[in-house]
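Enquirer: predicted coordinates and the sequence they were generated for:
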Amino acid sequence: MPDNSVYRQETFGPVLTFHIVPGEASAIALANDLPFGLGRSAFTPDFERGKHVALAIESGMAFVNGPTSSTAQMTSGTVKNSG
């Protein structure tokens with residue numbers, strides 16, 4: 001995964017990547033290993049678990065069961081090399 005160019009580049013546009021990991025902790029570690037942190041989403045039938053995962057990822061915006069998005073009224077705090 002880390003040798004794939006999409007893994008290390010900040011993409012803009014309708015791009016979705018999937019990584020299969022053994023569990024929740026591995027998913028959070030993988031997401032936090034990225035050099036960018038504009039927005040994050042967690043998809044799960046358990047909203048509280050999704051909120052926990054989304055908040056554990058180092059990023060400016062968090063969403064559960066929806067794609068990252070922004071409006072003029074939203075702040076777009078970023079972390080790492082985003083923004």
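Expert: Great, that's in hand. Fair warning: this is a prediction, and the values are worked out from it, not measured in the lab.
Enquirer: pLDDT averaged over stretch 16-23 - what is it?
Expert: When pLDDT is averaged along stretch 16-23, the result is 82.
Enquirer: ends of it, what's the gap?
Expert: From the first residue to the last, stretch 16-23 extends over 20 Å; the measure is Cα to Cα, to the nearest Å.
Enquirer: chain center to stretch 19-37: distance?
Expert: The gap between the average C-alpha position of stretch 19-37 and the chain average comes to 9 Å, counting by Cα atoms, centre = their mean, to the nearest Å.
Enquirer: first to last residue in that stretch, what's the distance?
Expert: Start-to-end span of stretch 19-37 (Cα to Cα) is 17 Å.
Enquirer: now do stretch 44-60
Expert: Distance between the boundary residues of stretch 44-60 (Cα to Cα) amounts to 20 Å.
Enquirer: any buried residues in it, and which?
Expert: Along stretch 44-60, the positions that meet the burial threshold by neighbour count (16 or more other Cβ atoms under 10 Å) are 50-51, 53-54, 56-57, 59-60. Every C-beta, even on glycine, is put in place using the N, C-alpha and C of the backbone.
Enquirer: now intersect the residues you listed with the strands, please.
Expert: Judged by DSSP state E, strands contain none of the buried residues of stretch 44-60.
Enquirer: which SS class is the spatially most central residue of the chain?
Expert: Taking Cα atoms, centre = their mean as the criterion, residue 40 is the residue nearest the geometric centre of the chain, at 2.8 Å. With DSSP: H, G, I helix; E, B strand; the rest coil as the basis, the three-state label of residue 40 is strand.
Enquirer: ok, it touching residue 63?
Expert: Yes. Look at residue 40 against residue 63 with Cβ atoms under 8 Å: they come within range, at 7.1 Å.
Enquirer: give me the common contacts of these two.
Expert: Residues touching both residue 40 and residue 63 comprise residue 54, with contact defined as Cβ atoms under 8 Å, 6 or more residues apart in numbering.
Enquirer: cool, thanks, talk later.
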